[in-house]
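S.K.: Quick one: sequence and predicted model below, then my questions.
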Amino acid sequence: MLPVHERLAELFTLSRRRQLTAAEETEQQQCLQINATYCYEMARLQNEILLAEQTADLQWHQDICAQMFELRVTGRVSKRPK
């Protein structure tokens, strides 16, 4: 879990007790955007890993696994080799 997910949960909990401040609402929207990007990237990598498995491309599979690890740890994936 990334820190952004923890903050999003915290903001959600706060919103159930009281109205969020304007700054908190802005932060919540930023967290939601980051989460959407994270989910999109993870889904893309999961689809790519399926293709790598179906084509028996071990090197590609290993590269994608490394990218998935990086995404889980940092929240982003560095440039992919072409």
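M.R.: Cool, got the structure.
S.K.: Look at the closest residue to I49 other than its chain neighbours and tell me its secondary structure.
M.R.: Nearest non-adjacent residue to I49, counting by Cβ to Cβ, 6 or more residues apart in numbering: I64, 4.8 Å away. C-beta coordinates here come from the backbone N, C-alpha and C atoms, glycine included. For I64, the secondary structure call by DSSP: H, G, I helix; E, B strand; the rest coil comes out as helix.
S.K.: can you count the residues close to C31?
M.R.: 21 (other Cβ atoms under 10 Å).
S.K.: Same check on S78?
M.R.: Counted with other Cβ under 10 Å, S78 comes out at 10.
S.K.: do the same with H61
M.R.: Neighbours of H61 using other Cβ under 10 Å come to 17.
S.K.: how near is the residue nearest to I49 to Q54?
M.R.: 13 Å (Cβ to Cβ, to the nearest Å).
S.K.: When these two are compared, which one has more neighbours?
M.R.: Taking neighbours as other Cβ under 10 Å, I64 and Q54 compare with I64 leading, 23 against 8.
S.K.: OK, contacts around that one?
M.R.: Listed by Cβ atoms under 8 Å, 6 or more residues apart in numbering, the contact partners of I64 are 45, 48-49, 52.
S.K.: do H61 as well
M.R.: 49, 52-53.
S.K.: try 6 Å
M.R.: Going by Cβ atoms under 6 Å, 6 or more residues apart in numbering, H61 touches A52.
S.K.: Over to it. Which of the three states is it?
M.R.: Per three-state DSSP, H61 ends up helix.
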